[in-house]
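Trainee: Structure of the sequence below:
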Amino acid sequence: MARVAAEERERLQKAIHEHDFLHRILRQIEHLHRVVFHAERLDPMFVRASAEEILIADVITRHRGQFDGVYYALRKSEESGKSWQQAIAEYAAYIHNYYTTPLGVILRKDLFGDDTHFVTPAAGKESALYQPPTDR
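Mentor: Down below sits the predicted model:
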């Protein structure tokens, strides 16, 4: 059973599409899926769903469901001398790395239940990239 209520997921998905900084992080995560996992042949909507889940999981676990926490983290990075684009790229890389590891897979599965979209090989048979072994 998923821990994130459908209403909460919808609220955060809407925020991702309405706020430029969140949408830019989402696009960067999608790019990382394609580059890191060679997922360019996957359905773009599947890749998008996986990226949304990563961003939503981060907002829920690190910022208690308040997406403004992401904005403040980006501003803090900017205050330390990084450009806005660099702050977005680093934030996206950090959460992509975290939520595509075995622990991140477990957390996402716990948050979203059976409706989770995995690109990472760390998800094993649940990964969209999984190819069953062939008999010789």
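
Trainee: helices or strands up against the helix of greatest length in the chain?
Mentor: When the chain is parsed with DSSP state H, its longest helix is helix 44-63. The contact analysis (3 or more Cβ pairs under 8 Å, 6 or more residues apart in numbering; DSSP states H and E) places helix 44-63 against helix 6-18, helix 20-37, helix 68-79, helix 84-99, helix 102-112. In short, each C-beta sits where N, CA and C put it, glycine included.

Trainee: buried set for the second one?
Mentor: Going by neighbour count (16 or more other Cβ atoms under 10 Å), the buried part of helix 20-37 is 21-22, 24-26, 28-30, 32-33, 37.

Trainee: State the pair within those residues that is farthest apart.
Mentor: The span of those, defined through Cβ to Cβ, is set by 21 and 37 at 24.3 Å.

Trainee: measure the residue lying closest to residue 40 once chain neighbours are set aside to residue 111 for me?
Mentor: Of all residues not flanking residue 40 in the chain, residue 34 sits nearest, at 4.9 Å (Cβ to Cβ, 6 or more residues apart in numbering). Distance from residue 34 to residue 111, counting by Cβ to Cβ, to the nearest Å: 23 Å.
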